[in-house]
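# model this:
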Amino acid sequence: MNTAPTTTTPADAVGRPVRLGLRENGPQFTLLVIVNICVGGLVGLERTTVPLIGSETFGLTSDLAVFSFIIAFGLTKAFTNLAAGALTARFRRKQLLVTGWLIGIPVPFVLAWAPSWGWIVAANVLLGLNQGLTWSMTVNMKIDLVGPARRGLATGLNEAAGYTAVGVTALLTGYLATSHGLRPVPELIGVVFVIAGLALALVVRDTAAHVALELAHHTEPLPTDEDTGLKATFTRTSWHNRSLRGASQAGLINNLNDGLTWGVFPLLFTDHGLGLAAVGLIKGLYPILWGLGQIPAGHLADRIGRKPLIVTGMLVQAGGFVLALALLDTPFLAGVLSAVALGLGTAMVYPALIASISDHAHPAWRANALGTYRFWRDIGYAAGALLAGVLADWLGLNATVIAAAVLTAASGLLAARWITEHRTGRPGTRTSRCDGSSTTTCTPPPVPTGTRPGSRRSGGS
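Take a look at the predicted model:
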């Protein structure tokens, strides 16, 4: 788990020695895992009950109106993710993490006692800001701590913690809603997540010294003409670099699936006779498997590469949508099997995509690249809810599920075409050249005489 040994041991601002590696930073890494459990738990409050609050409590008859809270959440979280990468050039990661938790304080209270649907939508704007800052910082800080050799495992552990919490909370709120009603009891468990998350965020240490250490020992000097700013990184990640483009589109479609099932599945399965407890089980099983499955998937991504998991995972998700419709005459079986396929498929994809972005991004602009990827990924929430609302109102819920299956399969095929491997530090594996083409070694671009590698600004790291 160690990175390459160094002759000196640098120290952080208060004199503590700084090393890269999971074992070397175990206590801080563990604290960040627990923080992300709280992050996931807060958003998990909405998975089972909020679509039904819209239709049953507030009497919304349009599916698009019901899904408006997901659109508000997705758009806000996406733009916050994008801004978070740039903000790390001005503020420390810990400061942004604490800010995210402060913004999230009102969320459970508004969900519990909102007097109108507009308040629910407003709460999801705050939730999007909270999730964009807290989740972005936990994943960035974990990647900072472990260094390049264990990125897949680090992101797998981070996302496993968050999405397992999403699933357990969705399951719990479903059961609480069965016995106590849709509000306010199920939503108030979010108060525990907010208090614990904020308290731990105040305790965790910042990782700026770890970023500096990785930059100092990075094997690929930053080209002197390479712009590390947000605008340049956004275009590079979104389109110019083929592998980054492939990962970004896969992330978008992956979360389009999540946004779509978030709104559609509770309505689809209650329409076919399932109760709140059964729907809660289905909505909980999907992210629980998504979460727990990322631990072995992240480890596997470090062993066999990112691309096989990304492509296979997208195709497995497409199969999950097919199962949901093919077995709808037995709705509980359809829901459980589709949740299993969607959860396992997403588990394969999630850590591999983040690790792939980190592989192809220089540390000097990696935070901006991750912010751009997470922007496109979480735009998927809004796109999925919008697509679901329009198609459901126009053609029905079944047509919406079919559209998701087709889009997901197509995204997997695009990922197969565009993404190349770029794995450093593992002898005998194929990597990609610094220009993105496939080869067995990574040849850094020449640095002109008289320049100092890494002397340019490092916005976003």
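
# what about Gly319, neighbour count?
18 (other C-beta atoms under 10 Å). Where you see a C-beta, it was placed from the backbone N, CA and C, and this is true even at glycine.

# residue contacts, it?
Contacts of Gly319 were listed using C-beta atoms under 8 Å, 6 or more residues apart in numbering, and they are Ala341, Gly345, Ala405.

# secondary structure element for the last one?
Here Ala405 sits within helix 397-418, counting by DSSP states H and E.

# doesn't Leu344 make contact with Gln316?
Heads up, residue 316 is Val, not Gln. Yes - counting by C-beta atoms under 8 Å, Leu344 is a contact partner of Val316 at 6.1 Å.

# Quick one: mean pLDDT for the helix holding Ala405?
Mean pLDDT, computed over helix 397-418, is 96.

# Any buried residues in that helix, and which?
The neighbour-count check on helix 397-418 (16 or more other C-beta atoms under 10 Å) flags 397, 400-405, 407-409, 411-412, 414-416, 418 as buried.

# now do stretch 376-396
Going by 16+ other C-beta under 10 Å, stretch 376-396 has these buried residues: 376-389, 391-393.

# Narrow these to those in strands?
Nothing among the buried residues of stretch 376-396 maps onto strands, per DSSP state E.

# Name the helix or strand for the closest residue to Ala409 other than its chain neighbours, please.
If the residues on either side of it in the chain are set aside, Ala409 comes closest to Ala318, at 4.1 Å by C-beta to C-beta, 6 or more residues apart in numbering. Assigned by DSSP H and E, Ala318 belongs to helix 307-326.

# in that helix, what counts as buried?
By 16+ other C-beta under 10 Å, the buried positions in helix 307-326 come out as 307, 309-325.

# what number of residues lie near Gly345?
The number of residues packed near Gly345 is 27, by other C-beta under 10 Å.

# so what's it up against?
When contacts are taken as C-beta under 8 Å, 6+ apart, Gly345 is in contact with Thr312, Gly313, Met314, Leu315, Val316, Gln317, Ala318, Gly319, Gly320.

# Let me have the residues you listed in JSON lines, extended by pLDDT.
Formatted as JSON lines, the contacts of Gly345 follow (pLDDT from 0 to 100):
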{"residue": "Thr312", "pLDDT": "98"}
{"residue": "Gly313", "pLDDT": "98"}
{"residue": "Met314", "pLDDT": "98"}
{"residue": "Leu315", "pLDDT": "98"}
{"residue": "Val316", "pLDDT": "98"}
{"residue": "Gln317", "pLDDT": "98"}
{"residue": "Ala318", "pLDDT": "98"}
{"residue": "Gly319", "pLDDT": "97"}
{"residue": "Gly320", "pLDDT": "97"}
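
# Identify, from those residues, the entry nearest to Thr138.
Gly313 (21.8 Å; C-beta to C-beta).

# Leaving aside the residues adjacent along the chain, what's closest to the closest one?
The shortest distance from Gly313 to any non-neighbouring residue, by C-beta to C-beta, 6+ apart, is to Met348 (3.2 Å).

# from the chain's centre, how far out does the strand or helix carrying that neighbour sit?
Using DSSP H and E, Met348 maps to helix 331-360. Relative to its parent chain, helix 331-360 has a centroid offset of 11 Å by C-alpha atoms, centre = their mean, to the nearest Å.

# Can you give me the buried ones in that helix?
331-332, 334-360.

# Tell me what angle it forms with helix 397-418.
Following axes from the mean of the first three to the mean of the last three C-alpha atoms, to 10 degrees, one obtains 30 degrees for the angle between helix 331-360 and helix 397-418.
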